[in-house]
Structures are given as C-alpha cells and as structure tokens.
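**Student:** need a structure here:
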Amino acid sequence: MSEIDPVAAISGYHAHVYYDAASRADAAALREALAARFQVVLGRWRDEPVGPHPQAMYQVAFAVGEFPRLVPWLMLHRGELVILVHPLTGDDYEDHAHHAMWLGAKLPLKLHTLVRGGTAVV
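**Tutor:** Prediction:
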C-alpha cells in the first residue's frame, strides 16, 4: 500500500504574530525585520481578534522553502511575542488545531470558527 507524502500536501505557511498595546512596537520592529530579510507577504494589522485568533495579530505568509530560514530566525528574534506557525494544507481546522507550532505561550484559539476539511478566509 502506498502512502501519500504529508509534506507534499503543504503549499506554504502562515505565522501569526500576536501583540497587545504594550508589545505593538516590538511587533512592528519584528515585522520590519521580516520584510527586510525574507520573502514574505505581510497581512494587515488586526487590532481586534478575528477568526480563531484570541487577540490582536498580523499574519506572515511564506513559502515552504523559507521555513528552514524563517522559523529558526523567529525563534531567536521574537523576544516576548507569541507566534503561531502553521502549514497550509487546505484544511484550516487541522492546520490550526493539530499541525501548528507555538513560539511562546500557547493561546486558546477559537477553533469553532474554522472550516474542517476546507479553507476559511481569515
């Protein structure tokens, strides 16, 4: 029996950088550094919780090939910011609930807002 390569199902990644009023300047500095060092698409600032995200954040989209450079850099340069990194497989629920990794404290996501087996716009 042949098995499908799960890594081949990953079309890219998202990193969600969480912040609050006290850490917004740190989040802005990290954002500028990400844009200068990596091939990323920066989402807009979300100063209110949106979708499954329990607090303010912005999204960083990046290609599979950037993962081995970008994620270790985030590990060392995130400071006190909390970051969720997850793959894009076409199943938002699984990507956020089971395939994600946290840099910093794990925040309680509102998983009921996500589509099982599909992709929702966040």
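**Student:** Quick check: bridge partners of Leu103?
**Tutor:** Ile83 (DSSP bridges).
**Student:** For it, grab the count of nearby residues.
**Tutor:** 17 (other C-beta atoms under 10 Å). The C-beta positions use only the backbone N, C-alpha and C, and glycine is treated the same way.
**Student:** tell me which residues of the helix or strand of the chain with the lowest mean pLDDT are tucked away?
**Tutor:** Counting by mean pLDDT, DSSP states H and E, the chain has its least confident helix or strand at helix 92-97, which shows a mean of 94. Of all the residues in helix 92-97, those buried under the rule 16 or more other C-beta atoms under 10 Å are 92-96.
**Student:** repeat for stretch 15-33
**Tutor:** By neighbour count with 16+ other C-beta under 10 Å, stretch 15-33 contains the buried residues 15-19, 23, 27, 30-31.
**Student:** In stretch 96-112, which residues are buried?
**Tutor:** Buried-residue list, stretch 96-112, by 16+ other C-beta under 10 Å: 96, 99-100, 103, 109.
**Student:** Would you enumerate the residues in contact with the closest residue to Leu111 other than its chain neighbours?
**Tutor:** Closest residue to Leu111 apart from its sequence neighbours, by C-beta to C-beta, 6 or more residues apart in numbering: Ala97 at 5.3 Å. Shown in contact with Ala97 (C-beta atoms under 8 Å, 6 or more residues apart in numbering): 109, 111, 114.
**Student:** right, and out of the residues you listed, which lies closest to Trp73?
**Tutor:** Ranked by distance to Trp73 (C-beta to C-beta), the contacts of Ala97 are led by Leu109 at 23.8 Å.
**Student:** circling back to that earlier point, using CSV, write out the CA atom coordinates for the least confident helix or strand of the chain.
**Tutor:** The C-alpha coordinates for helix 92-97 follow below in CSV (Å, rounded to 0.1, in the frame of the first residue of the first chain):
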residue,chain,number,x,y,z
ASP,A,92,-7.8,25.2,8.2
TYR,A,93,-9.1,23.4,11.3
GLU,A,94,-6.4,20.7,11.2
ASP,A,95,-3.7,23.3,10.3
HIS,A,96,-4.5,25.4,13.4
ALA,A,97,-5.6,22.7,15.8
